[in-house]
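In: my questions concern the predicted model and sequence given below.
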Amino acid sequence: MNPLLRRLRHDLFATPADGLITVALLAVIGAGGASFLRWAFSQARWAVIQANSTLFAVGRYPMDQQWRLWLLTALLAAATGITWGMLRSHPRPDRGGTLWPRNDRIAVGLLVVLSLLLPWMLGLSLSIQLRWLSITAVLVLLRWLAGRFGPQLPAPFKRLLPLGLPLLYLIGMVLIGGGLGLVSVSPSEWGGLLLTLLQSSFAILLCFPLGVLLALGRRSELPLLRWGSVLYIEFIRGAPLITLLFLGQNMLGFLLPGGLAPERVWRAAWVLTLFAAAYLAEAVRSGLAAVPRGQLEAARSLGMSMPQAFTSVVLPQALRVALPSMVGQFISLLQDTTLLSLIGLMELLGTARTVMANPAFLGRNAEVYFTLAVLFWCCCAALGLGSRALERRLDPAAIARSG
Amino acid sequence: MSQPSPSTLSSSAASPSDVMIEARGVEKWYPNGYHALRGCDLTVNRGEVVVIMGPSGSGKSTFIRTFNALEDFQKGSITVDGITLSDDLRHIDAIRREVGMVFQQFNLFPHLTVLDNLCLAPVLVRRRSKAEVRQQALALLQRVGIAEQADKYPGQLSGGQQQRVAIARALCMEPRILLFDEPTSSLDPEMVREVLEVMQNLAADDITMVVVTHEVKFARQVAHRVVLMAEGEVVEVAEPEAFFTNPAQERSRRFLDQIL
Ligand SMILES: Nc1ncnc2c1ncn2[C@@H]1O[C@H](COP(=O)(O)OP(=O)(O)OP(=O)(O)O)[C@@H](O)[C@H]1O
Ligand SMILES: [Mg+2]
């Protein structure tokens, strides 16, 4: 018998009871899948997505300035390609040292197919379809170049390369918001996926250092610092995010005189950051607790100062342990940005609500919510994949097993 | 002919500048109120190997951990290589640079390779160049017999190998004093010897060593003096032969009866 068949039979039909369960489950899955497909292909009217794809992507960002966002997307694709390639360029022992491991080939294949299919399905013009295809080409090309020639780069250059990522973030901010000779685009005109990603990336990047400081503060020997951190963490964790968001919108205006209070979008971004920092602090704290006391003692007995011991011995180990729960926090942070629609921001959910309120698209809620769910799922899956890759790289035991 | 050999130098009566560790009436209470050290005195001379023995809970670890300020103490005084231990943080950092420590549980940094374990502190603390420290680290690994493991992670080594890395890591800071807290107690018997051999070779150099251990053979062959601690006090300080064959104190005799 065919080995695949034998395996299926062993896994699914080993005993009559197993067989029964398998058949029942298959029936349920089949029925569910069939009715979903029926809905997706015959009942759903996807025109609502096609007609509003730009709105979902960038909100009311001015048409004549959208080239800036295209440029940013291309830069992001380039950075992704280079990072990906550089990560693979080391002769990785756990990957057999190949430049194109199987998973990477699958990923590239998927990317190409998606960049061909999605713009077409969205009914975008041919020139925009081509634009997406070239962005994918840039990514794949740089992935190949960095993987192939990355190792030959001079060492100082290689060491400076990671600095490109924060630099890119700043460039992105300028491209989006304006300045340095670019026309300014007010945050109230940012929207859709752009705003969702901006809010969550801003909060993720800033809540990380804040959370680490809070976690260290909570373990500090200075009572004021310790109690301050505990109070902050417990207060934030005890209040629902939505109340904090409303509080931020109303109170920052009172607390800071006139011009000093940040713009609504930034206010929300700061509230999200401060909120996430409290949760992140708890994740980091559990990581710190997992590092044995002897590590700090060994570092101190070698003459390292407390900051040195923490940054090069304790924190790397603590963060490695805390990584999965930190990424969990990041994922819920990403999803929590939907609450911003309740304070009137036009992020993905806010945009969706305006679209559904449009009489032209009456009753098309299912299509819109389904699209939103898929979009969020993709972002979260990307975060999850990235974190698992990072986890593997940071785990000496994993390197040890394969080495 | 009149030149004294190094060995006669180290065993002759020490002049004040030859005193590396001087502990006087050290008393320590743990935060829970437990009186762990009850007035301990000890003088360790340059190049000397002192072995501390004593029953479990007698305060051996606590005592040697006060020498590099891993534990604080409430009464008495400790002077290490001319620097008096006080709350002054600069003194503590200065002392820790001169005093290396090897722990029972190795305490290697699991996220760094063996080589990086050795190089981290000299580069960070002594601000030496990475390339130069690397050379020295490789030489030290050679010396403790594990040069070929330099690029592995601690988790990939046996206990005995890990402890030898820990010794090399301490040596890489070029300390004048090495403290060992039961370095072989968590090793399988067949690995104890390889670690003791490394320590014996070290003792032949002029590094000062204070070793908490239950290895009688090591104490007899390598130690210049043996210290017996019990219930937070230093009960007896004697030359090894005298200590093991004819201890002066009744408490020492009882302890030896139990371990020999
Ligand atoms: N952090 C602490 N808080 C309170 N008491 C402690 C603490 N650490 C140690 N002790 C107590 O101090 C006493 C001396 O401990 P120490 O670890 O110095 O003993 P030791 O001689 O090294 O014993 P062993 O041979 O078991 O290592 C013990 O009774 C121990 O219970
Ligand atoms: Mg002990």
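Out: Looks like it arrived, so ask away. Numbering: from 1, shown residues only, chains lettered A, B, ... in the order given. Ligands and ions are numbered 1, 2, ... in the order given.
In: could you check how far residue A:325 is from residue A:284?
Out: Computed as C-beta to C-beta, to the nearest Å, the residue A:325 to residue A:284 distance reads 9 Å. C-beta: built from backbone N, CA, C; applies to glycine.
In: show me the contacts for whichever residue of the stretch 151-260 of chain B sits closest to ligand 1.
Out: Nearest to ligand 1, among the residues of the stretch 151-260 of chain B, is residue B:182, at 6.2 Å (C-beta to the nearest ligand atom). Listed by C-beta atoms under 8 Å, 6 or more residues apart in numbering or on different chains, the contact partners of residue B:182 are B:61, B:104, B:212, B:213, B:214.
In: rerun that using 7 Å as the cut-off
Out: Residue B:182 sits next to B:104, B:212, B:213 when contact means C-beta atoms under 7 Å, 6 or more residues apart in numbering or on different chains.
In: okay, the residues you listed in JSON lines with pLDDT, distance to chain A and secondary structure next?
Out: Conversion of the contacts of residue B:182 to JSON lines gives the following (pLDDT from 0 to 100; distance: C-beta to the nearest C-beta, whole Å; DSSP: H, G, I helix; E, B strand; the rest coil):
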{"residue": "B:104", "pLDDT": "93", "distance to chain A": "9", "secondary structure": "coil"}
{"residue": "B:212", "pLDDT": "96", "distance to chain A": "14", "secondary structure": "strand"}
{"residue": "B:213", "pLDDT": "93", "distance to chain A": "18", "secondary structure": "coil"}
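In: could the residues you listed go into TSV alongside distance to residue B:66 and neighbour count?
Out: Compiled in TSV, those are given as follows (distance: C-beta to C-beta, whole Å; neighbours: other C-beta atoms under 10 Å in any protein chain shown):
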residue	distance to residue B:66	neighbour count
B:104	17	17
B:212	13	23
B:213	18	22
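In: in a markdown table: these, plus distance to residue A:70.
Out: What follows is the contacts of residue B:182, written out as a markdown table (distance: C-beta to C-beta, whole Å):
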| residue | distance to residue A:70 |
| --- | --- |
| B:104 | 61 |
| B:212 | 68 |
| B:213 | 70 |
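In: got the buried residues for the host helix or strand of residue B:235?
Out: When secondary structure is defined using DSSP states H and E, the element that contains residue B:235 is strand B:233-238. Within strand B:233-238, the residues scored as buried using 16 or more other C-beta atoms under 10 Å in any protein chain shown are B:233, B:234, B:235, B:236, B:237, B:238.
In: so residue 197 is in which element?
Out: The chain I'm using is chain A. helix A:192-218.
In: wait, I meant chain B there
Out: Secondary structure assigned from DSSP H and E places residue B:197 in helix B:189-204.
In: and if you look at residue A:166?
Out: With elements taken from DSSP H and E, the one containing residue A:166 is helix A:164-177.
In: and for residue A:391?
Out: Residue A:391 is part of helix A:365-394, with elements assigned from DSSP H and E.
In: show me what the helix holding residue A:197 is packed up against.
Out: Secondary structure elements in contact with helix A:192-218, counted by 3 or more C-beta pairs under 7 Å, 6 or more residues apart in numbering or on different chains; DSSP states H and E, are helix A:53-58, helix A:223-238, helix A:264-289, helix A:315-336, helix A:348-357.
In: no more questions from me, cheers.
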